[in-house]
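>>> what follows is a predicted structure for the sequence shown.
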Amino acid sequence: MTANLKPTVSGSNQVSGTKMVGMEKRRAVHALLFVALLPITAVEAAPEAQVTPLVVTHARLVDGRGGLPLDDATIVITGDRFSAVGPSGQVPIPEGAEVLDAKGRVVIPGLIDAHIHVSWPQVPLDPPVPNRSQAAFRAADLLRRCLLNGITTVRDVASIEDVGFAAKRAFQEGRLEGSRPIVCGQGVSSTGGHGTESNTQGLVMEVDGPDGFRRGVRTQLKAGADLIKVLCPFSREEILAAVEEVHLHEKFVTVHPSLFKAQYDFLRWTVEAGADCFEHAYAVPDDLIPRIAEKRMYCVPTLSILLILGDQYEQRGPDWAWKVKKYRECKEIFQKLRKAGVRMAVGTDAVAENMSEYPGLFFKETEQFAALGCSPMDVIVAATRLGAEVSDAADQLGTIEPGKLADLLILDKDPLVDIRNLRTAQVIVQGGKVIKR
């Protein structure tokens, strides 16, 4: 780049020769300084950063789509994406790539916990009234622990105030190494509704009436919610308005519709409204299951925590028998939903003292799916592809295919032989980055 240093001289701007020479020198220096201080893109295009491809070879690949595994597969990762997947020998290995030989091991997509609360207070260690600072530290710790066990993404279905959004931003900015948070922000609930209990202050936004529920949805979407969660109790008109508002914004809505003595109306209205998903496999009437299947709704059944809570309530004595029974019905309801063809993703929903079960509770949940009749392949799909679908992120996550975010696990043992082998991750890759080797 050459600067034109010749001055323009005309009329009253004309200057003497000596003065003009001094001005020319200063202008020349100023021009060179200006060029030197310009961003490099303004002077010359910066060369693209060299990305070292990562290649996994000789793997037994279970890609998350539910088909037969591919033996001796090669997977090429460029940047944060899968760029090529296929039989070894047919997929070229880029020059200079880092190669991980997975011979004798199984590769699956990164696991997804589809129901988690990253900021939930743990009692009795935490104070009864949560605050955002402590919640943020809890979230960072939990997300890190989940990632190191192969859970590369979590679906956070209600966090205290803006903690979920902060965790998401920190992850996107590279300031947080942990499971990728897909967040709904605060849940939307009626005044005094579920999620407004004293030890969960800030977990939901309290609203009333159809317009109030619309405002709750809009508030969370404005703040950056990836999907919306609505919690009972609500009127038929309120849930209709909430679901309509979410779908107007082309987002995914899930609902916590169950209260033990609610005569199932909340779930009936949820199905009628056309919600995309409901949480927890309890208090589901038999006659509604075919309609749920017909509407292609999803369910995140959270079996393990329902059974744990049932055990805890049983210890409280006979006065709690009705609640124990309701929780333990989840096994029968799960099998009915499965028989009807309802798609169900793996989620945990541990709260309070049960959060100490993380991340092992995730693997207990996959083992519950298997114990209730799911094949190992079905369980893997529920823990990967279906988890991405209920997170409204199936175009980016959940399967090992070119163009998707490169999350994968290299397992030491085959989960198709025994689903407990999901616990044997030797290598964890998230977004093309090797997290654990």
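Thanks, I have the structure now.
>>> drop to CA atoms for contacts and neighbour counts, all remaining ones
Noted.
>>> got a list of what the closest residue to residue 311 other than its chain neighbours touches?
Closest residue in space to residue 311, ignoring its immediate chain neighbours: residue 324 at 7.2 Å, by C-alpha to C-alpha, 6 or more residues apart in numbering. Residues in contact with residue 324 (C-alpha atoms under 8 Å, 6 or more residues apart in numbering) are 309-311, 313-314.
>>> what is the mean pLDDT for the helix or strand containing residue 324?
Here residue 324 sits within helix 321-328, counting by DSSP states H and E. Mean pLDDT, helix 321-328: 88.
>>> show me which residues of it are buried.
Within helix 321-328, the residues scored as buried using 16 or more other C-alpha atoms under 10 Å are 323-324, 326-328.
>>> next helix or strand past the helix or strand of the chain with the lowest mean pLDDT?
Every helix and strand in the chain was compared by mean pLDDT, DSSP states H and E; the lowest is helix 40-43, with a mean of 34. Per DSSP H and E, the first helix or strand lying C-terminal to helix 40-43 is strand 54-61.
>>> which residues touch the following helix or strand past that next one?
Using DSSP H and E, the helix or strand that follows strand 54-61 towards the C-terminus is strand 70-78. Strand 70-78 is contacted from outside by 51-62, 82-88, 91, 93, 103, 406, 432, using C-alpha under 8 Å, 6+ apart.
>>> state the distance from residue 142 to residue 429.
18 Å (C-alpha to C-alpha, to the nearest Å).
>>> buried only: go through the contacts of strand 70-78 for me.
By 16+ other C-alpha under 10 Å, the contacts of strand 70-78 give 53-62, 82-88, 93, 406, 432 as buried.
>>> flag the shaky bits of the stretch 151-300 of the chain, pLDDT-wise.
Along the stretch 151-300 of the chain, segments meeting pLDDT under 70 span 198-199, 261-263.
>>> which residues of it fall in strands?
Using DSSP state E, counting those that start in this stretch, the strands of the stretch 151-300 of the chain run over 151-156, 180-183, 187-190, 204-207, 227-231, 252-256, 277-279, 298-300.
>>> pairing partners for the first one, with directions?
If I follow you right, that is strand 151-156. Applying DSSP bridges, strand 151-156 is found paired with strand 111-116 (parallel), strand 180-183 (parallel).
>>> buried sites along stretch 168-183?
Judged by neighbour count using 16+ other C-alpha under 10 Å, the buried positions of stretch 168-183 are 168, 170-171, 176-183.
>>> could you work out the end-to-end span of it for me?
Stretch 168-183 has its terminal residues 7 Å apart, counting by C-alpha to C-alpha.
>>> adjust the sequence numbering to begin at 886 for everything that follows.
Happy to do that; since the first residue is 886 now, the last one works out to stretch 1053-1068.
>>> how close does the closest residue in space to residue 968 that isn't next to it in sequence sit to residue 1093?
Spatial nearest neighbour of residue 968, excluding adjacent residues (C-alpha to C-alpha, 6+ apart): residue 1287 at 4.7 Å. In this view, residue 1287 and residue 1093 are 45 Å apart by C-alpha to C-alpha.
>>> repeat that for residue 1191.
The separation that residue 1191 has from residue 1093, given C-alpha to C-alpha, amounts to 29 Å.
>>> neighbour-wise, which of the two wins?
Between residue 1191 and residue 1093, residue 1191 has the larger neighbour count (other C-alpha atoms under 10 Å), namely 24 against 17.
>>> check what pLDDT the more buried one gets.
Value for residue 1191, per-residue pLDDT: 94.
>>> check contacts around it.
Neighbours of residue 1191 in contact, by C-alpha under 8 Å, 6+ apart: 1212-1213, 1215.
>>> now do 7 Å
If you count contacts by C-alpha atoms under 7 Å, 6 or more residues apart in numbering, residue 1191 has them with 1212-1213.
>>> quick check: buried residues in the host helix or strand of it?
If you go by DSSP H and E, residue 1191 is part of helix 1188-1199. Buried residues in helix 1188-1199, counting neighbours by 16+ other C-alpha under 10 Å, are found at 1188-1195, 1198-1199.
>>> out of those, which is nearest to residue 1283?
Checking the buried residues of helix 1188-1199 against residue 1283 with C-alpha to C-alpha, the nearest one is residue 1188 at 21.3 Å.
>>> format the strands of the stretch 1036-1185 of the chain as TSV; extra columns: distance to residue 994.
Formatted as TSV, the strands of the stretch 1036-1185 of the chain follow (distance: least, C-alpha to C-alpha, whole Å):
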stretch	distance to residue 994
strand 1036-1041	9
strand 1065-1068	14
strand 1072-1075	29
strand 1089-1092	32
strand 1112-1116	22
strand 1137-1141	22
strand 1162-1164	23
strand 1183-1185	19
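>>> for residue 1242, find the nearest of these.
Nearest of the strands of the stretch 1036-1185 of the chain to residue 1242, taken as C-alpha to C-alpha: strand 1036-1041 at 14.2 Å.
>>> list the buried residues in the closest one.
Neighbour counts using 16+ other C-alpha under 10 Å place 1036-1041 of strand 1036-1041 among the buried residues.
>>> now swap in stretch 1295-1305 and tell me
Buried residues in stretch 1295-1305 (16+ other C-alpha under 10 Å): 1295-1301, 1304-1305.
>>> okay, those in a markdown table with pLDDT, secondary structure and distance to residue 1242 next?
Listed next are the buried residues of stretch 1295-1305 as a markdown table, based on pLDDT from 0 to 100; DSSP: H, G, I helix; E, B strand; the rest coil; distance: C-alpha to C-alpha, whole Å:
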| residue | pLDDT | secondary structure | distance to residue 1242 |
| --- | --- | --- | --- |
| 1295 | 98 | strand | 23 |
| 1296 | 98 | strand | 22 |
| 1297 | 97 | coil | 23 |
| 1298 | 98 | coil | 23 |
| 1299 | 98 | coil | 24 |
| 1300 | 98 | coil | 21 |
| 1301 | 98 | coil | 25 |
| 1304 | 98 | helix | 19 |
| 1305 | 98 | helix | 16 |
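>>> tabulate the residues you listed (TSV), appending distance to residue 1224.
Output for the buried residues of stretch 1295-1305, formatted as TSV (distance: C-alpha to C-alpha, whole Å):
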residue	distance to residue 1224
1295	32
1296	30
1297	32
1298	29
1299	26
1300	23
1301	21
1304	21
1305	23
